[in-house]
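Chemist: Below is the sequence, then the predicted model.
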Amino acid sequence: MSRYRMYQVAELTGVAPATLRAWENRYGVVATARTRQNHRLYSEADVATLTRMAELVGQGMSASRAAKQVSLPAASAAIAEPSSPPTSFDLVWAAQTFDPVFLDRVLDGAFAAGELEDVLDGWVMPALADLGKAWGEGRVDVAGEHFVSGAVNRRLSGYFEAARPKGGGPVVVVGLPPRAYHQLAVLAFAVCLRRCGVDVRYLGADVPVEGWVRTVEVLSPAAAVVAVPTAMDVKPAGEVVRELEPMVRVIVGGGAAAAVAERHPVTQLPMSLAGAARDLATQLTAAALVAP
């Protein structure tokens, strides 16, 4: 189990060492271990608790009240309330505590805050980016990230099924290239596109090149959207694009899509999920109207 010195915790939480000492001495927020030299040693759970308290205090909650909330025992953690409105830190906290009730409340509050497209662009994607940053900094482990991502995936899948098209609209194939697994953003895009009336056939993650080719041969879609989330996905995405270019209009999107668009004559989607879906739906509808 990792142990952190006070200066490390101060860097991770953004809380001054003097404040960390005060929170422990006054409120008993954490009970740190000590070295033989009497230096504090913080566990990963301690860091998570102090980070959560810093977030609550930063939102205007008194330190005493925040201390009571973060000191809830694990058995009663389900009564803890997310911020109102939920923040990305709530998502990080859920990943640290593995609390399904808390996570459901966070997602309920977030998805109820406005139109779905606005929530996806304005909250879900930035919050997931913050979750990824927390993982990179060691504040969340892989299991916690998967716990939260799985819940978000289930929500998005539900919206995708609820937007089932009536039929007759343009067909678009959407998915990821081989060895690409970050599918939440492309699934969110597929949801937005389907809600625009496009008949989206979502293929998911890690689709082999031959799978893409076979799908296009069977469906003869109006377009194929290949997601390129990271730099590691550029090469396999290029392989898919190279095979599909003679067969169908190919479109790329995602954080590393520009690297593919530079090498192939493909359309690159803007980063806004809702904006990209609306623009593509409009283009496809116009093309269908003028088709012979």
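Modeler: Structure received. Values in this document were obtained by computation on a predicted structure and should not be read as measured data.
Chemist: What lies in contact with stretch 24-43?
Modeler: By C-beta atoms under 8 Å, 6 or more residues apart in numbering, the residues outside stretch 24-43 that reach it are 1-6, 8-9, 23, 46, 49-50, 53, 63-64, 67, 70-71. Bear in mind the C-beta positions are built from the backbone N, C-alpha and C, glycine included.
Chemist: Buried subset of those residues as a PyMOL selection?
Modeler: Burial among the contacts of stretch 24-43 is assessed by 16 or more other C-beta atoms under 10 Å; the matching PyMOL selection reads:
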select buried, resi 4+9+23+46+49+50+53+63+67+70
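Chemist: Which of the contacts of stretch 24-43 fall in helices?
Modeler: Under the assignment DSSP state H, these contribute 6, 8, 9, 23, 46, 49, 50, 53, 63, 64, 67, 70 to helices.
Chemist: Could you dump these into CSV with pLDDT and distance to residue 230 added?
Modeler: Formatted as CSV, the ones in helices among the contacts of stretch 24-43 follow (pLDDT from 0 to 100; distance: C-beta to C-beta, whole Å):
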residue, pLDDT, distance to residue 230
6, 92, 35
8, 91, 28
9, 91, 30
23, 92, 38
46, 85, 32
49, 86, 32
50, 90, 31
53, 88, 33
63, 86, 40
64, 85, 43
67, 85, 39
70, 79, 34
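Chemist: Out of the residues you listed, which comes closest to residue 247?
Modeler: residue 8 (53.5 Å; C-beta to C-beta).
Chemist: now, among the ones in helices among the contacts of stretch 24-43, which is nearest to residue 245?
Modeler: Looking across these and measuring by C-beta to C-beta, the closest to residue 245 is residue 8, at 50.1 Å.
Chemist: and that closest one, what does it touch?
Modeler: Applying C-beta under 8 Å, 6+ apart, the residues near residue 8 are residue 42.
Chemist: Number the chain from 30, please
Modeler: Understood, numbering begins at 30; the last thing we discussed is residue 37.
Chemist: Tell me if I'm right that residue 270 and residue 295 touch.
Modeler: Yes. Under the criterion of C-beta atoms under 8 Å, residue 270 makes contact with residue 295 at 5.9 Å.
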